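Peer 1: Okay, structure incoming, though there's no sequence with it:
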Ligand code: GLU
């Protein structure tokens, strides 16, 4: 229960909107954990406020010769546990509120898997599908040069996120390096292996999703080769999660991308779907041997495991009651809104929260940063072994905490992460 001193701050959950703001969704979970931990007012305020929010204009000379100006963001939520870490997304609707929420999620995510980083996130408001490769390069380089004071291997380390990839990271690394007059590989992770990237980084998020899914299946005594899976989103995270579950003998009954959902009750041949999408301009449109369904229908299929790996706010109070999966492993950040949490809990759905389920990416980012700084590179086998161990340990830890306090895995994740960051902050103290 909250004590007198703290309760004033917890009584402002804001209006319950149908479409929730990602920041408000994050704050609702944060408030719950803060209450349980009896976090004092000052600490609550500290951890609720990002340490830095930067908005820049990113002018780009388009291929047509005209200038177009984009808006770029970087939010550092905190750097208590170490330099801040988090991806950069390119999307037409990215905004400061979303980036703030995603930055805070990175703080809790790093704490959950015991990676010594704080949390950050960045973005550029643009439609990457409408930009040529040269325009994307100029945009990335100008965004990076506007962020030279923010980024740094001991300060703030970006990584890929929605619509950014190894090539984007290579441009960031090169722009930063040119400006500091030395090759600084550790300034960014998710790079191509030729430029100091880590083996297994590209697959890491999906691999981590599968590690915790197996741990969750085990708790429900379901064998992986006897389970059915539906995966929303067929980007890096969704396709790798689907592929690894398929290789373990699971029946992946549905997959989807922005072109829609594809359902086959006998199971989809995932390697064939990956091939098809690659050949078809990264789209599953027209994928044969499957029935067309909508993304909304996919979420409501009867299956053992649902992996939402597309974007935020997919399962809200509107559809939470219709979810038939026994386990939800959140491949995306924030696919379940705070309002949906209680409905899923009441219906006995086990939710493996994003800040645990998709933490495999940042875990191997940490390995990449370590390797770059050491100048010594690991085999893929070593990367995967260490990744599996860290994800498994984090799952076991949170599972135990959730049983001990009779709370959900998500609540346990927030309680563990916030407690860890708050304790570290107390030890460091406030610099005056
Ligand atoms: N963008 C990824 C995430 O949301 C990876 C971040 C990183 O590796 O720094 O977790």
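Peer 2: Good, I have the coordinates. Computed from a predicted model, the values in this text were never measured in an experiment.
Peer 1: show me the contacts for the residue in the chain that the ligand sits nearest to.
Peer 2: Closest residue of the chain to the ligand, CB to the nearest ligand atom: residue 87 (2.7 Å). C-betas here are computed from N, CA, C, even on glycine. If you count contacts by CB atoms under 8 Å, 6 or more residues apart in numbering, residue 87 has them with 102, 121, 122, 158, 159, 160, 161, 162, 164, 190, 361.
Peer 1: can the longest helix along the chain be found next to the ligand?
Peer 2: For the chain, the helix reaching the highest residue count under DSSP state H is reported as helix 380-405. No - Helix 380-405 lies out of reach of the ligand by CB under 6 Å from any ligand atom, never closer than 12.2 Å.
Peer 1: Does residue 107 touch residue 417 like I think?
Peer 2: Yes - at 7.2 Å, residue 107 and residue 417 qualify as touching, with contact defined as CB atoms under 8 Å.
Peer 1: of these two, who's got more company?
Peer 2: The residue with more neighbours, out of residue 107 and residue 417, is residue 107; 29 against 26, by other CB atoms under 10 Å.
Peer 1: I'd like to know how many residues surround the nearest residue to that one once chain neighbours are set aside.
Peer 2: Excluding the flanking residues, the one nearest residue 107 by CB to CB, 6 or more residues apart in numbering is residue 119, at 3.0 Å. Residues within reach of residue 119, counting by other CB under 10 Å, total 30.
Peer 1: Just the pLDDT for residue 18.
Peer 2: Here the pLDDT value assigned to residue 18 is 43.
Peer 1: If you count neighbours, what's buried in stretch 41-59?
Peer 2: Going by neighbour count (16 or more other CB atoms under 10 Å), the buried part of stretch 41-59 is 43, 44, 46, 47, 48, 50, 51, 54, 56, 58.
Peer 1: Sorry, wrong one. I was asking about stretch 340-353.
Peer 2: Quick answer for stretch 340-353 (16+ other CB under 10 Å): 340, 341, 343, 344, 345, 349, 350, 351, 352, 353.
Peer 1: ok, residue 126 - contacts?
Peer 2: Applying CB under 8 Å, 6+ apart, we find residue 126 in contact with 70, 90, 91, 92, 139.
Peer 1: residue contacts, the most centrally placed residue in the chain?
Peer 2: Most central in the chain under CA atoms, centre = their mean is residue 333, positioned 4.3 Å from the mean C-alpha point. Contact analysis of residue 333 by CB under 8 Å, 6+ apart lists 102, 105, 312, 354, 358.
Peer 1: What about those residues, which one has the most neighbours?
Peer 2: residue 102 (30 neighbours).
Peer 1: Might you report the residue contacts of that residue?
Peer 2: Neighbours of residue 102 in contact, by CB under 8 Å, 6+ apart: 22, 75, 86, 87, 89, 121, 161, 333, 334.
Peer 1: The third one pairs with what?
Peer 2: On the basis of DSSP bridges, residue 86 is bridged to residue 158.
Peer 1: What segments of the stretch 51-200 of the chain are helices?
Peer 2: 96-112, 133-146, 166-180 (DSSP state H, counting those that start in this stretch).
Peer 1: Report how many residues lie close to residue 37.
Peer 2: Residue 37 has 19 nearby residues by other CB under 10 Å.
Peer 1: Kindly reformat the buried residues of stretch 41-59 as TSV and extend each row with pLDDT and distance to the ligand.
Peer 2: Converted to TSV, these look like this (pLDDT from 0 to 100; distance: CB to the nearest ligand atom, whole Å):
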residue	pLDDT	distance to the ligand
43	95	25
44	95	24
46	95	22
47	95	19
48	95	20
50	97	16
51	96	17
54	98	17
56	98	20
58	98	20
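Peer 1: Now go through those and say which are in strands.
Peer 2: Cross-referencing the buried residues of stretch 41-59 against strands under DSSP state E gives 54, 56, 58.
Peer 1: so residue 30 touches residue 414, yeah?
Peer 2: Yes - Residue 30 is within contact range of residue 414, at 6.4 Å (criterion: CB under 8 Å).
Peer 1: Between those two, which is the more surrounded one?
Peer 2: A side-by-side neighbour count of residue 30 and residue 414, using other CB under 10 Å, places residue 414 first with 28 against 21.
Peer 1: Now that one: which helix or strand?
Peer 2: Counting by DSSP states H and E, the element that carries residue 414 is helix 409-428.
Peer 1: what distance separates that helix from the centre of its chain?
Peer 2: 18 Å (CA atoms, centre = their mean, to the nearest Å).
Peer 1: Please state the mean pLDDT value computed over that helix.
Peer 2: 97.
Peer 1: Then stretch 149-161?
Peer 2: Here the average pLDDT along stretch 149-161 is 98.
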